[in-house]
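# Predicted model follows, preceded by the sequence.
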Amino acid sequence: MFDKYGTDVCVLTILQNCFRWQPRWFVLKGGILSYYHSRDDINLGCRGALKVSACDVSPHSKDQLRLDITIPGEAYLYVRAADAKEKQKWLVALGSSKANADSQANVPNPIEEDEKIKGKKSELKFYCDLLIEQAYRIRDSSAPISNNHNTETNEDRENDLDEMARTLNVTCDNFVATLDEIMKLATTKRGGKKYSTPKKTRSPSGNEHLLKISPSTESSRGYDQPHSSTNDRPSDTESLSSDKGCSSGTFFSEVNKKLGKIIEGNLVITKHFLDICDETLNLYDKLNPSTFTPIKMEVSGNIEKIREKYSTDPLNFESIQSMIEKEIAAKQAKLQNSATEAIIFVTRSLHFLQLFTNEITVNDSHFSAQRAYVLALKPYHGLVARQVYSVAINSVVNKREFNNSIIYGDESKVGDLLNDTLKYFSTNVAVIVKNLYSFFEEKKLYETVGIQ
Ligand SMILES: CCCCCCCCCCCCC/C=C/[C@@H](O)[C@H](CO[C@@H]1O[C@H](CO)[C@@H](O)[C@H](O)[C@H]1O)NC(=O)CCCCCCCCCCCCCCCCC
């Protein structure tokens, strides 16, 4: 188990998609557990790494050879040793690594304490995951077409590859920029030699304006907040919600018309909330039905639960907040199928859509969906839901198809209106989502309802 560098190395089998165990090469060094595709691939870089001190390590209750290594709510690694002896060695090695880190934690460590660095590190991890995923997508898409049924033309493929390459380029730039910021923060904190950004030696990406986009680290839930109150909402409601009086427009210019009345003060008006949610359901029909029909059904089931509750007493349940308050008072919020629970899940899907529509104005659809998922849904999802996501993300249409499916009328007349209507939708929905999340927090709703 120990190699010539005094490092713990081992082949462990790892639980991958579809619940199949795959052998992987693991290295535990300096408190970091890294894994590689195989021993021969060490030079190619690790496939994943976890800081052991941040992990919970627990033997599986039934499987004698399995260890679950998790950072609650963030990462998980399910591994299986070849035999009981090997598992025991790993338990001891991981346990000692954690204990070492704990004892060092008593010595004040300015880097660890620095919230900024922590935030940047999770940003870096986000870009690292994206880089790996985008690189694989390019590899898969550039493989020769193996059957005659594929209707995609060479031009389509080239366009897709171009778009993917541009996105990869932006992600690389973001990754490097974040790493650079971490280096600066770390050296300043340590009082070390001032770090200066290395000169760019490669050709510019031509996407410099996109570098401003970075994952939100503003709150623990990763919520993006373009506008903090109803007063911040865009004033030009007319021009963006009514597609400037022409017969061409987008799906969102129609939806936007309904957004004006949805908020009163901080209250989200139930009737209009339901209206908007119903509208957004139409979007799922533009996506791959076999993947998205079940997701649409789940979301529409939740919308129906809210509608049903509302219909029992529209006056008392005029706002979403009053509906929740009354369910809490009647001790109904915790019940299975409560309107409160349904509101939480619908809000999460709206949050996803809000982030997606904001991001798609400057990025490709895959990146946008990925970012929206990481911020809006992933923190709440366990293994199964994440796997559903990984299937869904692979059937996301590209940006060109996305645009085509939301534009109606004369495409050439839509121009800037496309992005304007997306931004308008996103900005206004952000206000709705923000108000609801603040209310959830105020009422400690996740604890009250008993969900993660
Ligand atoms: C182009 C967009 C691509 C979208 C790709 C992302 C897809 C997200 C996949 C999400 C997988 C969800 C898997 C299921 C999770 C559920 O377990 C979880 C919990 O369910 C709730 O459980 C309660 C009991 O505990 C139950 O009572 C409750 O009723 C039930 O809901 N559910 C969730 O976390 C909610 C997930 C909502 C996912 C919404 C995804 C939004 C996708 C928007 C697509 C349209 C936008 C693009 C338009 C493109 C046009 C070309």
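Sure thing, it's come through. Residues are numbered from 1 along each chain as shown.
# Return the distance of the lengthiest helix in the chain from the chain's centre.
Scanning the chain for the longest helix, with DSSP state H as the assignment, gives helix 154-190. In terms of C-alpha atoms, centre = their mean, to the nearest Å, the centre of helix 154-190 is set 17 Å apart from its chain centre.
# swap in stretch 251-266?
25 Å.
# What is the end-to-end distance of it?
Its start and end residues considered, stretch 251-266 measures 27 Å (C-alpha to C-alpha, to the nearest Å).
# Give me the mean pLDDT for that stretch.
If you average the pLDDT over stretch 251-266, you get 90.
# So it, near the ligand or not?
No: Stretch 251-266 lies out of reach of the ligand by C-beta under 6 Å from any ligand atom, never closer than 7.9 Å. C-betas here are computed from N, CA, C, even on glycine.
# How about that stretch, which residues are buried there?
Neighbour counts using 16 or more other C-beta atoms under 10 Å place F251, F252, S253, E254, V255, N256, K257, L259, I262, I263 of stretch 251-266 among the buried residues.
# Can I get these in a markdown table including secondary structure?
Shown next, in a markdown table, are the buried residues of stretch 251-266 (DSSP: H, G, I helix; E, B strand; the rest coil):
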| residue | secondary structure |
| --- | --- |
| F251 | helix |
| F252 | helix |
| S253 | helix |
| E254 | helix |
| V255 | helix |
| N256 | helix |
| K257 | helix |
| L259 | coil |
| I262 | coil |
| I263 | strand |
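# Help me confirm that F292 comes into contact with Y389.
No: at 11.8 Å, F292 does not count as touching Y389 under the criterion of C-beta atoms under 8 Å.
# tell me which parts of this protein are close to the ligand?
283-284, 286-287, 295, 298-299, 301-302, 341-342, 345, 348-349, 352-353, 356, 365, 369, 373, 377, 380, 385, 388-389, 392-393, 396-397, 402, 405, 451.
# Out of these, which sit inside helices?
Assigned to helices by DSSP H, the following of the residues of the chain next to the ligand qualify: 283-284, 295, 298-299, 301-302, 341-342, 345, 348-349, 352-353, 356, 365, 369, 373, 385, 388-389, 392-393, 402, 405.
# before we move on, back to that, please identify which of the buried residues of stretch 251-266 is nearest to the ligand.
F251 (7.9 Å; C-beta to the nearest ligand atom).
# Could you report the separation of that closest one from E341?
Note on F251: its distance to E341, by C-beta to C-beta, to the nearest Å, is 29 Å.
# what does E327 give?
E327 is 9 Å from E341, by C-beta to C-beta.
# Using the record's assignment, carve this protein into domains.
8-103, 250-443 (the TED database).
# Could you identify which of those domains is most buried?
Among the domains of the chain, domain 250-443 has the highest mean neighbour count (mean count of other C-beta atoms under 10 Å), at a mean of 18.
# Who are the contact partners of S300?
L281 (C-beta atoms under 8 Å, 6 or more residues apart in numbering).
# change it to 10 Å
Counting by C-beta atoms under 10 Å, 6 or more residues apart in numbering, S300 touches C277, D278, T280, L281, Y284, R307, V346.
# ok, now I69?
Contact analysis of I69 by C-beta under 10 Å, 6+ apart lists 33, 50, 52, 55-58, 75-79, 90, 94.
# Phi first, then psi, for the nearest residue to H272 once chain neighbours are set aside.
Nearest residue to H272 in three dimensions, chain neighbours excluded: I262, at 4.1 Å (C-beta to C-beta, 6 or more residues apart in numbering). Backbone torsions for I262, taken as degrees, to the nearest 10, come to phi -70, psi -30.
# Check the gap between I262 and V433 for me.
11 Å.
# Spell out which residues are contacts of both of the two.
Here I262 and V433 share the contacting residues V268, scored by C-beta under 10 Å, 6+ apart.
# quick one: which of the contacts of S300 is nearest to the ligand?
When those are compared against the ligand (criterion: C-beta to the nearest ligand atom), the nearest one is Y284, at 5.6 Å.
# which residues sit in contact with the closest residue to the closest one other than its chain neighbours?
Computed as C-beta to C-beta, 6+ apart, the closest residue to Y284 that is not its neighbour in sequence is K296, at 3.8 Å. When contacts are counted by C-beta under 10 Å, 6+ apart, K296 touches T280, L281, N282, L283, Y284, D285, L287, P289, S349.
# Closest one to I320 out of those residues, please.
S349 (14.4 Å; C-beta to C-beta).
# in the stretch 1-150 of the chain, which spans are helices?
Secondary structure of the stretch 1-150 of the chain, counting by DSSP state H, counting those that start in this stretch: helices at 84-105, 110-113, 115-141.
# Going by mean pLDDT, which of those helices comes out lowest?
Looking at the helices of the stretch 1-150 of the chain, the weakest mean confidence is helix 110-113, a mean of 56.
# following the helix or strand bottoming out on mean pLDDT in the chain, which helix or strand shows up next?
Ranked by mean pLDDT, DSSP states H and E, the helix or strand of the chain with the weakest confidence is helix 237-241, at a mean of 40. Using DSSP states H and E, the helix or strand that follows helix 237-241 in sequence is strand 249-250.
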